[in-house]
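Peer 1: got a predicted structure here, sequence first:
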Amino acid sequence: MLKSLCFQKNKRFILINLILLGGAFTFISIRIVSYVNPVDSDFFSFWLAGKVVREGYSPYNKETWLMGHEIFHAKWISDETFLYPIPLAVLMIPLSYLDLSVAYAIWVWISQLIIFLSTVKLLSLFGNQSKFFILPVFAGVILFRPIFPLLLNGQVSALLLGILVFSDDLVKKQNLFWGGVLLSISILKPNLGIPLLSLIGTYLLISRQYSTIMGIGLGLFSMFLISFVIHPGWMLDYFQVLVSKQTNTYGYSPSIWGLTFLLTGKDLVLSILLSVFVCLALIVMYLRRITSRKNHPFLLITSIAAAMTTLITPYLWPYDQIILIVPIVFAMTILFERRLSFLTSSLFFLLIDIIIIIIFAFSIQLQVENLQAVVPLTLTIFLFTLSSTGISTRSFKSLGL
């Protein structure tokens, strides 16, 4: 009888919290839609691409794309064509049936849900000590600057955060094939997906985890097949879009390419040479790390891959750094496992937040975001240092990694 009453109370408590959480997400979504003109947001491109593909046209046709902006009275045209692969446009088809403002609010709501569920899943890494890290981890996430432009612009990078977190969970539960299928979806955002899949795929090959590789392969093939049926020549069109975008935006991203471009006084040749050197050095370090032992915890690999990806990719914006939540929380778990003070491990995320705020203050003066590359650079070095000083298998098991 007592157990039944406790269960009913817990059930009621959970239900009330879910309602409050859903209400908070709805409130934030409505506020963002009322604050930002949806037609002049990044989300408009995704919504328009879904509509264009649904009606049988190519989102890579300049006339079609510009006409779509003209029809909906868009004042801001970020690109002459759609900047992402056809499968992402297919994913947006259901939302394209809705009014733009409604679709925008729903997508912002979904993005918040993905971030919340990913954070809850990452909290489970602390095992029976999770309750002590709820406040510092969620405080760190709420104050994490990449979240604000991500939600305001209706970007899709939160999807990659969820992919990293839940693919790791599937692999950990020995659902290797489906973990690979989920990972393949990261290609929807190629500037992050390509380096992520390359780094993680290399580890999977070396460690002979062929089931996960097959899952990635099947996922990629399925998306390619769907895209080919919709628009057979889309890959050539899309390649031209990528080349054009990279040429026009080089040196202004918060990656190693943008950082060296800024530090060399915008010297194009020198910045490229320095960036290539740094990228090659990091890749060599990564290869040495993954070949030093056969079975690294998958979360260690995804954490390093996430940090490296946001550093070495030639094109990204601050909201893409949302995937750094994975290596940040992972680093907290390792600091905690090493018996450092609770204050040190629990405040690690907030320390990163403070660093980003300081960088942002300098960025406002410089009017560029390049300096934020310091964050993934610091995390990459930190993770390499942590892993090189030896993390025991027993430690990983105790943390559920």
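Peer 2: Arrived safely.
Peer 1: Ile77 and Thr64, how far apart?
Peer 2: According to CB to CB, to the nearest Å, Ile77 and Thr64 sit 13 Å apart. Using the backbone N, CA and C atoms, a C-beta is placed for each residue, glycine as well.
Peer 1: can you check Ser101 too?
Peer 2: Going from Ser101 to Thr64 by CB to CB gives 23 Å.
Peer 1: same check on Ala373?
Peer 2: Separation of Ala373 from Thr64 (CB to CB) stands at 35 Å.
Peer 1: so the two - more neighbours on which side?
Peer 2: Taking other CB atoms under 10 Å, Ala373 and Thr64 do not tie; Ala373 has more neighbours (24 against 16).
Peer 1: tell me which element the nearest residue to that one once chain neighbours are set aside is part of?
Peer 2: Spatial nearest neighbour of Ala373, chain neighbours left out: Leu259 (4.0 Å); criterion: CB to CB, 6 or more residues apart in numbering. Per DSSP states H and E, Leu259 falls inside helix 256-263.
Peer 1: state the next helix or strand along the chain beyond that helix.
Peer 2: Next along the chain after helix 256-263, taking DSSP H and E as the criterion, comes helix 268-291.
Peer 1: what does that following helix contact?
Peer 2: By CB atoms under 8 Å, 6 or more residues apart in numbering, the residues outside helix 268-291 that reach it are 199, 202-203, 206-207, 250-251, 256-257, 260-261, 263-264, 296, 301, 304, 308, 311-312, 380, 384, 387-388.
Peer 1: could you pick out which of those are located in helices?
Peer 2: Those of the contacts of helix 268-291 mapping onto helices are 199, 202-203, 206, 256-257, 260-261, 263, 301, 304, 308, 311-312, 380, 384, 387-388, per DSSP state H.
Peer 1: ok so, going back, ok, the residue nearest to Ala373 touching Leu371?
Peer 2: Yes - at 7.0 Å, Leu259 counts as touching Leu371 under the criterion of CB atoms under 8 Å.
Peer 1: where are the low-confidence patches of the chain?
Peer 2: 1-10, 245-248, 294, 339-340, 388-401 (pLDDT under 70).
Peer 1: one step back: more neighbours, Leu259 and Leu371?
Peer 2: Remark: of Leu259 and Leu371, Leu259 carries more neighbours, 24 against 20, as counted by other CB under 10 Å.
Peer 1: how much space between that one and Ala158?
Peer 2: Taken as CB to CB, the span from Leu259 to Ala158 is 25 Å.
Peer 1: do Lys266 as well
Peer 2: Separation of Lys266 from Ala158 (CB to CB): 32 Å.
Peer 1: more neighbours, the two?
Peer 2: Neighbours per residue, other CB under 10 Å: of Lys266 and Ala158, the larger number sits with Ala158, 26 against 11.
Peer 1: in the helix or strand hosting the more buried one, which residues are buried?
Peer 2: Secondary-structure element containing Ala158, defined by DSSP H and E: helix 157-172. Across helix 157-172, burial judged by 16 or more other CB atoms under 10 Å covers 157-171.
Peer 1: next one: the helix or strand that it is followed by to chain centre, how far?
Peer 2: As assigned by DSSP H and E, the chain's next helix or strand after helix 157-172 is helix 176-184. Put simply, helix 176-184 sits 16 Å off its chain's centre (CA atoms, centre = their mean, to the nearest Å).
Peer 1: now the helices for the stretch 51-200 of the chain?
Peer 2: Under the criterion DSSP state H, counting those that start in this stretch, the stretch 51-200 of the chain contains helices at 62-71, 86-91, 93-96, 100-123, 130-142, 147-153, 157-172, 176-184, 190-206.
Peer 1: let's have the ones you listed in a markdown table, adding distance to Leu282.
Peer 2: Formatted as a markdown table, the helices of the stretch 51-200 of the chain follow (distance: least, CB to CB, whole Å):
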| stretch | distance to Leu282 |
| --- | --- |
| helix 62-71 | 36 |
| helix 86-91 | 28 |
| helix 93-96 | 37 |
| helix 100-123 | 24 |
| helix 130-142 | 25 |
| helix 147-153 | 25 |
| helix 157-172 | 19 |
| helix 176-184 | 21 |
| helix 190-206 | 10 |
